[in-house]
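Asks: just to be clear, the model below is a prediction. Sequence and coordinates:
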Amino acid sequence: MPITMTQRLGSEVLGTFWLVFGGCGAAIFDAAFPGLGIGFAGVALAFGLTVLAMA
């Protein structure tokens with residue numbers, strides 16, 4: 001069964017949403033609460049784990 005363009009676009013939208021929600025959400029969380037200490041490594045880890053979760 002071939003994958004339709006609608007399915008491809010839907011998966012692209014879902015993946016992009018999840019990456020922005022996870023990665024950029026961690027960056028905003030880090031900026032809003034600097035005393036929490038997730039830092040650059042935490043934001044990078046959030047992006048990496050987000051990509052890993054979607055794979």
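Replies: That came in fine, so what should we check first? Numbers count the residues shown, from 1 in each chain.
Asks: surely V51 is in contact with V20?
Replies: No. Using CB atoms under 8 Å, V51 is not in contact with V20; the gap is 12.0 Å. No exception for glycine: its C-beta is placed from N, CA and C like everyone else's.
Asks: who has more neighbours, the two?
Replies: The residue with more neighbours, out of V51 and V20, is V51; 14 against 11, by other CB atoms under 10 Å.
Asks: apart from its neighbours in sequence, what residue is nearest the more buried one?
Replies: L19 (6.8 Å; CB to CB, 6 or more residues apart in numbering).
Asks: can you get me a residue count around the one you found?
Replies: Residues near L19, counting by other CB under 10 Å, number 17.
Asks: and it, how far from G37?
Replies: Look at L19 and G37: by CB to CB, to the nearest Å, they are 23 Å apart.
Asks: model confidence score at G39, please.
Replies: The per-residue pLDDT reported for G39 equals 88.
Asks: just give the nearest non-adjacent residue to it, would you?
Replies: Spatial nearest neighbour of G39, excluding adjacent residues (CB to CB, 6+ apart): D30 at 6.7 Å.
Asks: what helix or strand is the one you found on?
Replies: Taking DSSP states H and E as the definition, D30 sits inside helix 25-32.
Asks: right, and the helix or strand after that helix?
Replies: From helix 25-32, the next helix or strand downstream (DSSP H and E) is helix 39-54.
Asks: residues contacting the most centrally placed residue in the chain?
Replies: Closest to where the C-alpha atoms of the chain average out (CA atoms, centre = their mean) is L19, at 2.1 Å. For L19, the contacting residues are F47, T50, V51, M54, by CB atoms under 8 Å, 6 or more residues apart in numbering.
Asks: wait, the second one touches W18, no?
Replies: Yes. A contact is recorded between T50 and W18 when judged using CB under 8 Å, the distance being 6.2 Å.
Asks: what's the helix or strand bottoming out on mean pLDDT in the chain in contact with?
Replies: Lowest by mean pLDDT, DSSP states H and E among the helices and strands of the chain is helix 25-32, with a mean of 90. For helix 25-32, the surrounding residues in contact (CB under 8 Å, 6+ apart) are L36, I38, G39, G42, V43, A46, F47.
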